[in-house]
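A.B. asks: Make a model of this:
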Amino acid sequence: MATPVKVYGPPMSTAVSRVLACLLEKDVNFQLIPVDMSKGEHKKPDYLKIQPFGQVPSFQDESISLFESRAICRYVSEKYANQGNKRLYSTNPLEKASIEQWVEAEGQSFNPPSSALVFQLAFAPRMKLKQDMGVIKQSEEKLNKVLDVYEQRLGESRFLAGDEFTLADLSHLPNTQYLVSVTDKGEMFTKRKNVGRWWSEISGRDSWKKVVDLQKPQPPKSA
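C.D. replies: Below is the predicted model:
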């Protein structure tokens, strides 16, 4: 049996959960290794050897170390192309280009405002930090414009890159999960007919349900 790949970081992290969803889609055996960021474990020398920026996730596949969640997902999808969801990252040049343009759209257009909202609305209260209402308003305006583009696109195709679920859709799962389930901004997605249909479908995948289960507080182990 192949040695499990290692994923370092808490499943509550949006970037970590993106990688976990990809591994589950591809049926890749993995070991999730906790990193307690509240104790500064992500800044310790041993961790910085595999993630020089001191962030999560970091990833190891035998002698290979990687960081940045989208790069890890691409690697996993290509290395394990013949197992799990084989359509996650196509080998057809045109299909792959379509996937890539929407992964880029997620990283460049969707992620900045959605990440800001996730932090301000979901994490700041837990960390007892003051919310910046200006950032919230500005980010909501930007995200609405992005979702208007998505609404049009998803009226033309079942998923962002075509009629198959791919990395393009998977990359949107972490931030949207928080916005829909933890904040009061879920209506930004559900009020849009096509975006709402798309979200219902991608969030209902077994792989993502398993990630959400991993994010739930684990009961203490008995002695």
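A.B. asks: Poorly predicted segments of this protein, please.
C.D. replies: Using pLDDT under 70 as the threshold, the predicted model of the chain has low-confidence ranges 1, 218-223.
A.B. asks: Could I get the full set of strands for it?
C.D. replies: When assigned using DSSP state E, the strands of the chain occupy the ranges 5-8, 30-33, 58-61, 64-67.
A.B. asks: I'd like the ones you listed as CSV, with distance to residue 87 and mean neighbour count appended.
C.D. replies: Every C-beta, even on glycine, is put in place using the N, C-alpha and C of the backbone. Formatted as CSV, the entries for these read as follows, by distance: least, Cβ to Cβ, whole Å; neighbours: other Cβ atoms under 10 Å:
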stretch, distance to residue 87, mean neighbour count
strand 5-8, 21, 21
strand 30-33, 21, 15
strand 58-61, 22, 22
strand 64-67, 23, 16
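A.B. asks: will you turn those strands into TSV that also has distance to residue 161?
C.D. replies: Compiled in TSV, those are given as follows (distance: least, Cβ to Cβ, whole Å):
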stretch	distance to residue 161
strand 5-8	25
strand 30-33	25
strand 58-61	24
strand 64-67	23
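A.B. asks: For residue 93, which of these is the nearest?
C.D. replies: Of all the strands of the chain, the one in closest proximity to residue 93, counting by Cβ to Cβ, is strand 64-67 (23.8 Å).
A.B. asks: mind listing what residue 26 touches?
C.D. replies: If you count contacts by Cβ atoms under 8 Å, 6 or more residues apart in numbering, residue 26 has them with 76, 77, 80, 83, 84, 85, 88.
A.B. asks: from those, which is closest to residue 124?
C.D. replies: Each of the contacts of residue 26 was scored against residue 124 by Cβ to Cβ, and residue 76 proved nearest at 31.4 Å.
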